[in-house]
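Trainee: Turn this into a structure:
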Amino acid sequence: MSYSIIQHTTGGPEVMEWTAVDLPAPAEGQVTLRHTAIGVNFIDIYVRKGAYPLMTLPGTPGMEAAGVVEAIGPGVADLAVGQRVAYVTTAPGAYAERRNMPAERLVPLPDDIADQDAAALMLKGMTAERLLHKTAPAVAGDTILVHAAAGGVGLLLCAWAKAMGCTVIGTVGSTEKAELARAAGADHIIDSRSEDIAARVMEITGGKGAQKIYDGVGKDTFDASLAAVAKFGHLVSFGNASGAVPPVNIAVLAPKCVALSRPQVFPYIADRADLLATAENLFAAMRKGIITAQVNHTYPLREAARAHEDLEARRTTGQIVLLA
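Mentor: Numbering: from 1, shown residues only. As a prediction, the model looks like this:
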């Protein structure tokens, strides 16, 4: 017998219930994982609410985790019982003590990468890696703007872009978060509660704007991002923390010849070779100390609802991990 967080309907954190489940033996191409650490992300909230229709009800939220292989199904040749692995997937189900997973979606964990760090960074770390290296590649000398700079992805973007030689501007919503973003690598901090974001970006850049803008906030910051982006710049809207961006007339991009992207990480890692290459780039950055997991909050798996409440209320910084 194993336990999982199950929800039978969409809604608030209260719909997530701690439930005993029977887990079948792994099927062809699958392994059974015993989770040790499970990452919590804003996408889990979207899924829980039904904003992202990724989960069939009744279902289990959660997109990323680390754990140990407990059993191997037919046709699996490159994993072994007892091996440590991690994953990020479009199929929710990580909020569970145990889970069957396709072997091809699992990334073997090197000895020097801890389970909690992997669980915290598979989704956010790969997102940051793809945003900076693929969607809108940042280069030394760029000035970039990172919204929610003290959030999970924001801290990684600040640190990684700074290591690449960029000037980093970060928006935050509190003094505590300003200190975190600055420690991560932000050269300039904008308080989104009290300052005009676009005006401050123009002041900092001498009227030129930011070459790359990474905006995971959405509705509340999109107009400011558009006003703050440089001529021939690239605005990347990759999240909806404040709500979805309203429909955009692409003609507004023309005066500054702005590129606009709305990416997500999963198409970039759909091919196993790309998945492993992205993971290796992430692990290399972790080894070099360029980025760290910064797991600032841990909760028992059965208290996943409390983790969601804190994340949604913006009471958290850095990464959140559930311990199975």
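Trainee: need the helices for the stretch 101-250 of the chain, in chain order.
Mentor: 115-130, 152-163, 175-184, 197-204, 222-228 (DSSP state H, counting those that start in this stretch).
Trainee: Of those, which is nearest Gln319?
Mentor: Set against Gln319 and scored by C-beta to C-beta, the helices of the stretch 101-250 of the chain come closest in helix 115-130, at 3.7 Å. Bear in mind the C-beta positions are built from the backbone N, C-alpha and C, glycine included.
Trainee: that older thread, I'd like the helices of the stretch 101-250 of the chain as CSV, with mean pLDDT appended.
Mentor: Shown next, in CSV, are those (pLDDT from 0 to 100):
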stretch, mean pLDDT
helix 115-130, 95
helix 152-163, 95
helix 175-184, 93
helix 197-204, 98
helix 222-228, 96
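Trainee: can you give me phi and psi for Arg314?
Mentor: The phi/psi pair for Arg314 (degrees, to the nearest 10) reads phi 60, psi 30.
Trainee: How about Asn240?
Mentor: Dihedral angles phi and psi of Asn240 (degrees, to the nearest 10) take the values phi -130, psi 40.
Trainee: And for the nearest residue to it once chain neighbours are set aside, the neighbour number?
Mentor: Among residues not flanking Asn240 along the chain, Gly218 sits closest, at 3.9 Å (C-beta to C-beta, 6 or more residues apart in numbering). Gly218: 20 surrounding residues under other C-beta atoms under 10 Å.
Trainee: Would you confirm that Gly218 contacts Phe238?
Mentor: No. Using C-beta atoms under 8 Å, Gly218 is not in contact with Phe238, being 9.1 Å away.
Trainee: what residues are up against Val295?
Mentor: Gln116, Asp117, Ala120, Gly318, Gln319, Ile320, Val321 (C-beta atoms under 8 Å, 6 or more residues apart in numbering).
Trainee: do Leu323 as well
Mentor: By C-beta under 8 Å, 6+ apart, the neighbours of Leu323 are Thr36, Ala37, Ile38, Thr298, Tyr299, Pro300, Leu301.
Trainee: So the third one belongs to a strand, correct?
Mentor: Spelled out, that is Ile38. Yes. When DSSP: H, G, I helix; E, B strand; the rest coil is applied, Ile38 is found to be in a strand.
Trainee: neighbours of it, just the number please.
Mentor: Neighbours of Ile38 using other C-beta under 10 Å come to 32.
Trainee: looking at the sheet around it, what are its partners?
Mentor: Using DSSP bridges, the bridge partners assigned to Ile38 are Ala65, Leu322.
Trainee: for it, what are its contacts?
Mentor: By C-beta under 8 Å, 6+ apart, the neighbours of Ile38 are Gly62, Glu64, Ala65, Ala66, Ala94, Tyr95, Ala119, Leu301, Val321, Leu322, Leu323, Ala324.
Trainee: Point to the residue nearest the middle of the chain.
Mentor: Residue closest to the average C-alpha location in the chain (C-alpha atoms, centre = their mean): Lys124, at 2.7 Å.
Trainee: roughly how far apart are that residue and Leu260?
Mentor: 22 Å (C-beta to C-beta, to the nearest Å).
Trainee: before we move on, the earlier item: do I have it right that the residue nearest to the centre of the chain meets Phe42?
Mentor: No. Contact criterion C-beta under 8 Å: Lys124 and Phe42 do not qualify, at 9.6 Å.
Trainee: Now the common contact residues for the two.
Mentor: By the contact definition C-beta under 8 Å, 6+ apart, Lys124 and Phe42 are jointly contacted by Gly152.
Trainee: just to revisit the earlier point, and Val139, which of the helices of the stretch 101-250 of the chain is closest to it?
Mentor: Among these, the nearest to Val139 by C-beta to C-beta is helix 152-163 (9.9 Å).
Trainee: Dump the C-alpha coordinates for the closest one into CSV.
Mentor: C-alpha atoms of helix 152-163 as CSV (Å, rounded to 0.1, in the frame of the first residue of the first chain):
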residue,chain,number,x,y,z
GLY,A,152,12.0,30.0,-8.1
VAL,A,153,12.9,30.6,-11.7
GLY,A,154,13.7,34.2,-11.1
LEU,A,155,16.6,33.5,-8.8
LEU,A,156,18.1,31.0,-11.2
LEU,A,157,17.8,33.4,-14.1
CYS,A,158,19.5,36.2,-12.1
ALA,A,159,22.4,33.9,-11.1
TRP,A,160,22.9,32.2,-14.5
ALA,A,161,22.6,35.4,-16.5
LYS,A,162,25.1,37.2,-14.2
ALA,A,163,27.6,34.4,-14.6
